[in-house]
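Enquirer: Fold the stuff below for me.
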Amino acid sequence: MEENNNIETAPLKEGIKIVGIRSRDRGVIVHFDPQDIIARVGDYVVTEGEYGEEIGRVVSPPRYVLKVLNNKPLKKILRTAVSDDLQKLESHSKMEQEAFSYCNERISDRRLQMKLIDVEFSFNESRISFYFSADTRIDFRELVKDLAYKFNARIELRQVGIRDEARMISGFGTCGRPLCCATFLKEFTTVSIKMAREQGIVINPVKISGMCGRLMCCIAYEQGSKNDKR
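Expert: Numbers count the residues shown, from 1 in each chain. This is a model prediction of the structure:
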């Protein structure tokens, strides 16, 4: 059955209208206010962002909810993306690869004990975020100077944990499907051995651990579904 993604023909209900947007193909899903813009699943749209306009793909159709997380006002979808926006997005992919290579060279030259995970340009190219993991605190001040001089943009270095690292790199779980954290999960929740036992899962560290080495997120997800049915 074909899914109806048209805002105008979606069933009207009381509440707040939201649309799920993924800013990067492997990023988390964030909900936006679509206003009166018709956005279908798969469409690229330009949205409000923390540092100006951002671009993302619609991944869930419009729907209504009674409240949003923390009751914070939703950022808005500003318009559907045009061909110039999509060309810019494509150019960013190449620029991010080049920035990744350059940053790795500087990390090696400065002998910093850190692992570069990902690079992300903001849509207006005023800010570049470099994500990395490290076992200890890193003094990257000289590295920031290198990057700012090279790219003439605001530089952000963000240290991420092992679970975020797995989400950014992505991959496939033991079930053969893309990682939950890289597809539909919005946030990491606590996962416990108790949950696995209640679901009758054999407590084998190899079989219940994800790519990050921690307990698999799907254990908590299934536990939530199980509790909802009670």
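
Enquirer: who's residue 49 bridged to?
Expert: Going by DSSP bridges, residue 49 is paired in beta bridges with residue 52.

Enquirer: How confident is the prediction for it, by pLDDT?
Expert: pLDDT for residue 49: 88.

Enquirer: Could you pull up the mean pLDDT of the top helix by length along the chain?
Expert: When the chain is parsed with DSSP state H, its longest helix is helix 83-109. For helix 83-109, mean pLDDT is 95.

Enquirer: Flag every buried residue along that helix.
Expert: 85, 88, 89, 92, 96, 99, 103, 106, 107 (16 or more other CB atoms under 10 Å). To be clear about C-beta, it is placed using only N, CA and C from the backbone, and glycine gets the same treatment.

Enquirer: Export the residues you listed as TSV, with columns for distance to residue 54.
Expert: Converted to TSV, the buried residues of helix 83-109 look like this (distance: CB to CB, whole Å):
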residue	distance to residue 54
85	11
88	12
89	10
92	11
96	15
99	18
103	22
106	27
107	27
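
Enquirer: With just CA atoms, put stretch 165-183 into PDB.
Expert: Extracted C-alpha coordinates of stretch 165-183, given in PDB (Å, rounded to 0.1, in the frame of the first residue of the first chain):
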ATOM      1  CA  GLU A 165      31.600   6.700  16.700                       C
ATOM      2  CA  ALA A 166      29.700   3.500  15.700                       C
ATOM      3  CA  ARG A 167      26.700   5.600  14.700                       C
ATOM      4  CA  MET A 168      28.800   7.900  12.500                       C
ATOM      5  CA  ILE A 169      30.700   5.100  10.800                       C
ATOM      6  CA  SER A 170      27.600   3.000  10.500                       C
ATOM      7  CA  GLY A 171      27.500  -0.600   9.300                       C
ATOM      8  CA  PHE A 172      25.400  -3.700   9.700                       C
ATOM      9  CA  GLY A 173      24.400  -5.500  12.800                       C
ATOM     10  CA  THR A 174      24.400  -9.200  13.400                       C
ATOM     11  CA  CYS A 175      20.800  -9.300  12.100                       C
ATOM     12  CA  GLY A 176      22.000  -8.100   8.700                       C
ATOM     13  CA  ARG A 177      20.300  -4.700   8.900                       C
ATOM     14  CA  PRO A 178      21.900  -1.300   9.100                       C
ATOM     15  CA  LEU A 179      22.700  -0.300  12.700                       C
ATOM     16  CA  CYS A 180      19.700   1.000  14.700                       C
ATOM     17  CA  CYS A 181      21.700   3.900  16.000                       C
ATOM     18  CA  ALA A 182      22.600   5.000  12.400                       C
ATOM     19  CA  THR A 183      19.100   4.800  11.100                       C
END
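
Enquirer: Buried residues, it. List them.
Expert: Buried, per 16+ other CB under 10 Å, within stretch 165-183: 165, 166, 167, 168, 173, 179, 180, 181, 182, 183.

Enquirer: next one: that stretch to chain centre, how far?
Expert: Offset of stretch 165-183 from its chain centre (CA atoms, centre = their mean, to the nearest Å): 12 Å.

Enquirer: Give me the helix or strand of this protein that scores worst on average pLDDT.
Expert: Every helix and strand of the chain was ranked by mean pLDDT, DSSP states H and E. The lowest is helix 217-229, at a mean of 73.

Enquirer: check contacts around the spatially closest residue to residue 79 that is not a sequence neighbour.
Expert: Among residues not flanking residue 79 along the chain, residue 46 sits closest, at 5.2 Å (CB to CB, 6 or more residues apart in numbering). Residues in contact with residue 46 (CB atoms under 8 Å, 6 or more residues apart in numbering) are 53, 54, 55, 77, 78, 79, 80, 81, 85, 123.
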